[in-house]
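structure, please.
(chains A and B)
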Amino acid sequence: MEQRLKVSSSPHIRAPRGTRSLMLDVIIALIPSLIAGIIVFGWRALTVTVVSVVFSVFFEWGYRKMMKKSCSVGDLSAVITGMLLAFCLPVTVPYWMVVVGDLFAVVLVKQLFGGIGKNFMNPALAGRAFMFSWAAAMSTWVPAMSKSPIFLGGVDVVTSATPLTYMANGMLPEGMSTLQMFLGNVGGCLGETSALALLIGGIYLCIRKVISPRIPLCYIITVAVLTFIFPLGNNRFDWMLASMFSGGLFLGAIFMATDYVTSPVTARGQLIYGIGCGLLTVFIRYFGSYVEGVSYSILLMNICVWFLDKTSMGIRFGVSREDKKRAKEAAKAAKKAQKEAAV
Amino acid sequence: MKNTFFGGVHPNDRKAATASKATEVLAAPAEVIIPMSMHVGAPCAPEVAKGDYVFKGQRIGSSPAPVSAPIHASVSGTVKAVEPRLHPNGTKVMSVVIENDMQEALHESVVPCADPAALTPEEITQIVKEKGITGMGGAAFPTHFKISSGVGKVDTLIVNGAECEPYITSDHRTMLELTNEVIEGVRLAVRATGVKTAVIAVENNKKDAIAALEAALTDEDRKTISVMGLRVRYPQGSEKQLIQSVTGKQVPPGGLPASVGCSIMNVFTCYCIYRAVYEGMPAIERIVTISGSAVNEPKNLLAKVGTPVSALFDACGGFKTQPDKILQGGPMMGIAQFSTEFPIIKNTNAILALGKEENRSVEDPTCIRCGKCITVCPMKLKPIYMYQYEQKGDLEMLTKLNVTDCTECGSCAYTCPGRLYLVHSFRTAKQMLINAKNAQQQKEGK
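Have a look, this model is predicted:
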């Protein structure tokens, strides 16, 4: 019997929740938005999501198998990548494009860097950015409640404007009330339109302690404050609400910017990161040639994560702010003395 | 920030199995194995040889070094061997093996103090030293040295009854069953250290112990001694965190509790001080919690130092399932054992046998950068980056990240969803730093 005792470093017990449990919670939190997408855009919203999930899991499995690495499909992160990529695509996107996007997201952005935890960009957003090479297909917006058929065939797609198209021209969206935008009854990507459904998912994630509300709050509040101070429409308050509920802000703030792998781990880093995302989003929306800035602002901030973490390490236990200041001054004085001695 | 500390985790405390079970006295074993090192500091040299007859309570090992504590026989009988034997730390340590003659013949030095009330602080410290009392909860730091080095610097004595590790209930039972003795020990410790305030700190999941301690305090006591309920959160009983919870002060890096005017003693240590003064009995017995999912009948046992652990498991009806791990100490900081043939020592507060179902380690631990390790770290460290730089062997960055501040409480690894062996990596990192420093010194020496 005694040969069979395990010996390892402490601790010998682990919290019940592992990676898979956390990822499962994210999937659960995305379901309300999926349902909203199906209601607004028809069953094709579901088929696009399913295709995306199936292929991103397939690519993850295939790559790990090919490279003789451990199988990581069980952590469910590929499912989330698939769902999130689908959520930021127009419902009319051809299925083959979704598959190519998955390939790019899972293999190039995630696995080539070593898989979960190692990639420096959000795979879903990078996949979407890559898919913008098909600009026309990626900016074909069908009106809400148009119920696109699962197989488009030769059907002519009726297009319409999204709230962002109006807002890029400095106008409040016509014929769309703020409530409509909040509920998601507007054109846009298949999982981004319903701020309400995304908010439900976000609250669920915060309650389950999967994410901290820091990043989403900083992000959304920054956008709200900026658009309130610098409105383009004639009604300050309406403009702010329209800016908050249009486009992918809620999807980005709650699900993309909080991606563990590509967001800072320190509290202060997270605050700066959220604010940075908000600033860049408004800049791109106001001054860029793209109407939407959420995905690029998050991708840009992804690149700064290492730096943000490094500069926000905080104060050591047992050292007060004054101690730190004093140490800094002493170091400065020593340096100066050294310089003078050299001269 | 008083009454709390940074971070921390809240594991299921699993104490219900033994919390309400009165301590049972374990029959003396036929043979005891007494290691000559059960404390921090210099190991003792054996003072007896094979074939000698020893009395219960007789000193059998000592060291002239200031940081050390003498060792006493826990039974009477014949010395069977003086040889290296398995120690709970996993190595072989010089030990005295005594064959018990079951006579319990006391040594002449085990005599009660004639007038405890007349003892001077120095005399109390001297008794503590002679009776081999060490910290009974944590690292087993010699208590006499803690007292003498703190006199004048320390104004608050914190009596640690937090017992924040899951499963362990030995201090809980001590506070319930030996309340008056513990309080008397605290009074003696207050006199010896010369402090003005003493706080008995107990986690709020032991309400009955708090009530018992409160009831045992006299009006005279209340001027100096108070009982404080603490939030139930691991690692509440860790030295630096306990000081932060009780006083709001943070011990500076590398500093001792005395640097913020605090001294910490475990409740069982206080009980041992009481016994040393009032009975003349050295630290040769202790209450041990035997628990874990693989144990048939979890119990609290009063066992003699040197009792082989297999005897304690036998007293608990053996195992109900094949144990996956056997631990000395709690599941968060305890040491995994590869055999049950090691003895219990002065600071063994628990022996656990965990079943397979408690093992949640995975084949391929992967960091997902969730940052949960940072939120739970009570020392405000950045475990995720410490781990990464340890993997790379970057000593400069490890120093910058203050890896030496890590108290190895295990909160980060406990909470890690990727199941990384974080604490293990920090232990490796610390060792790498020590090795580098030694190499540097050697180079300079040449």
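
alpha carbons only for contacts and neighbour counts from here, please
Will do.

now the helices for the stretch 101-250 of chain B?
Taking DSSP state H, counting those that start in this stretch, the helices of the stretch 101-250 of chain B run over residues B:121-130, B:143-150, B:170-177, B:179-193, B:207-216, B:219-222, B:239-247.

just want the angle from the helix or strand just after the last one to helix B:239-247.
Meaning helix B:239-247. Later in the chain than helix B:239-247, the nearest helix or strand by DSSP states H and E is strand B:262-266. Put simply, strand B:262-266 runs at 110 degrees to helix B:239-247, going by axes from the mean of the first three to the mean of the last three Cα atoms, to 10 degrees.

strand B:262-266: what's the following helix or strand?
helix B:267-278.

how about the contacts made by the residue nearest to residue B:254 when sequence neighbours are not counted?
Nearest-residue entry for residue B:254: residue B:405, 7.3 Å, with adjacent residues in sequence omitted and distances by Cα to Cα, 6 or more residues apart in numbering or on different chains. Residue B:405 sits next to B:253, B:254, B:379, B:381 when contact means Cα atoms under 8 Å, 6 or more residues apart in numbering or on different chains.

residue B:95: neighbour count?
Per other Cα atoms under 10 Å in any protein chain shown, the neighbour tally for residue B:95 reads 24.

what sits closest to the residue nearest to the spatial centre of chain A if chain neighbours are left out?
Most central in chain A under Cα atoms, centre = their mean is residue A:256, positioned 1.0 Å from the mean C-alpha point. Taking Cα to Cα, 6+ apart, and ignoring the residues beside it in sequence, residue A:256 has residue A:122 as its nearest neighbour in space, at 7.1 Å.

my read: that neighbour touches residue A:259, true?
Yes - the pair residue A:122 / residue A:259 is scored as a contact, 7.1 Å apart, by Cα atoms under 8 Å.

higher neighbour count, these two?
Neighbour totals were compared for residue A:122 and residue A:259, and residue A:122 leads with 25 against 21 (other Cα under 10 Å).

quick one: residues contacting the more buried one.
Contacts of residue A:122 by Cα under 8 Å, 6+ apart are A:109, A:256, A:259, A:261, A:262, A:299, A:302.

swap in residue B:202?
B:160, B:161, B:162, B:163, B:209, B:210, B:227, B:228, B:229, B:230.

about what we covered before: which ones among the contacts of residue A:122 map onto helices?
Cross-referencing the contacts of residue A:122 against helices under DSSP state H gives A:299, A:302.

rebuild the contacts of residue A:122 as a markdown table, extending it with pLDDT and distance to residue A:204.
Listed next are the contacts of residue A:122 as a markdown table, based on pLDDT from 0 to 100; distance: Cα to Cα, whole Å:
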| residue | pLDDT | distance to residue A:204 |
| --- | --- | --- |
| A:109 | 95 | 28 |
| A:256 | 96 | 15 |
| A:259 | 95 | 15 |
| A:261 | 94 | 20 |
| A:262 | 95 | 21 |
| A:299 | 96 | 25 |
| A:302 | 96 | 24 |
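
nearest spatial neighbour of residue A:227, skipping sequence neighbours?
Nearest non-adjacent residue to residue A:227, counting by Cα to Cα, 6+ apart: residue A:240, 5.2 Å away.

check which helix or strand covers the one you found.
Using DSSP H and E, residue A:240 maps to helix A:236-245.

number of nearby residues for the residue nearest to residue A:74 when sequence neighbours are not counted?
Residue nearest to residue A:74 in three dimensions, not counting chain neighbours: residue A:20, with 7.0 Å by Cα to Cα, 6+ apart. For residue A:20, the tally of surrounding residues (other Cα under 10 Å) stands at 16.

and what of residue A:323?
Residue A:323: 12 neighbours (other Cα under 10 Å).

please, which helix or strand holds it?
If you go by DSSP H and E, residue A:323 is part of helix A:321-342.

how about stretch A:306-314: buried residues?
Within stretch A:306-314, the residues that count as buried by 16 or more other Cα atoms under 10 Å in any protein chain shown are A:306, A:308, A:309, A:312, A:313, A:314.

export that stretch as PDB, just CAs?
Extracted in PDB, the C-alpha atoms of stretch A:306-314 (Å, rounded to 0.1, in the frame of the first residue of the first chain):
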ATOM      1  CA  TRP A 306       2.100  43.200 -20.900                       C
ATOM      2  CA  PHE A 307       3.100  46.800 -20.400                       C
ATOM      3  CA  LEU A 308       0.000  47.600 -18.300                       C
ATOM      4  CA  ASP A 309       0.700  44.700 -16.000                       C
ATOM      5  CA  LYS A 310       4.300  45.500 -15.600                       C
ATOM      6  CA  THR A 311       3.600  49.100 -14.700                       C
ATOM      7  CA  SER A 312       0.900  48.400 -12.200                       C
ATOM      8  CA  MET A 313       2.500  45.800  -9.900                       C
ATOM      9  CA  GLY A 314       1.400  47.800  -6.800                       C
END
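
report how many residues lie close to residue 326.
As the question left the chain open, I've gone with chain A. A total of 12 residues lie near residue A:326 under the criterion other Cα under 10 Å.

the intended chain is chain B.
Residues within reach of residue B:326, counting by other Cα under 10 Å, total 26.

return the residues of the stretch 151-300 of chain A in contact with chain B.
Neighbours of chain B within the stretch 151-300 of chain A, by Cα under 8 Å from any Cα of the partner chain: A:260, A:261, A:265, A:266.

at 7 Å instead, please
In this structure, the stretch 151-300 of chain A approaches chain B at residues A:260, A:261, A:265, judged by Cα under 7 Å from any Cα of the partner chain.

who touches the second one in this structure?
What it means is residue A:261. A:117, A:118, A:119, B:368, B:369, B:370 (Cα atoms under 7 Å, 6 or more residues apart in numbering or on different chains).

show me what the helix of greatest length in chain B packs onto, helices and strands only.
In chain B, with assignment by DSSP H, the single longest helix is helix B:422-445. In terms of contacts (3 or more Cα pairs under 7 Å, 6 or more residues apart in numbering or on different chains; DSSP states H and E), helix B:422-445 is packed against helix B:383-392, helix B:411-415.

so for the shortest one, mean pLDDT?
Mean per-residue pLDDT for helix B:411-415: 96.

got a list of contacts for that helix?
Applying Cα under 7 Å, 6+ apart, the external contacts of helix B:411-415 come out as A:11, A:13-15, B:8-9, B:372-373, B:376-377, B:419-423.

list buried residues within those.
Neighbour counting by 16+ other Cα under 10 Å classes A:11, A:13-15, B:8-9, B:372-373, B:376-377, B:419-423 among those as buried.

what residue in the stretch 51-200 of chain B comes nearest to chain A?
Closest contact between the stretch 51-200 of chain B and chain A, by Cα to the nearest Cα, is at residue B:166 (9.5 Å).

and that residue, its phi and psi?
The phi/psi pair for residue B:166 (degrees, to the nearest 10) reads phi -60, psi 160.

neighbours around the closest residue to it other than its chain neighbours, how many?
Of all residues not flanking residue B:166 in the chain, residue B:13 sits nearest, at 4.2 Å (Cα to Cα, 6+ apart). For residue B:13, the neighbour count with other Cα under 10 Å is 15.

helix, strand, or coil at residue B:13?
Using DSSP: H, G, I helix; E, B strand; the rest coil, the structure places residue B:13 in coil.

kindly report the residues of the stretch 101-250 of chain B close to chain A.
Residues of the stretch 101-250 of chain B found near chain A (Cα under 7 Å from any Cα) are residue B:250.
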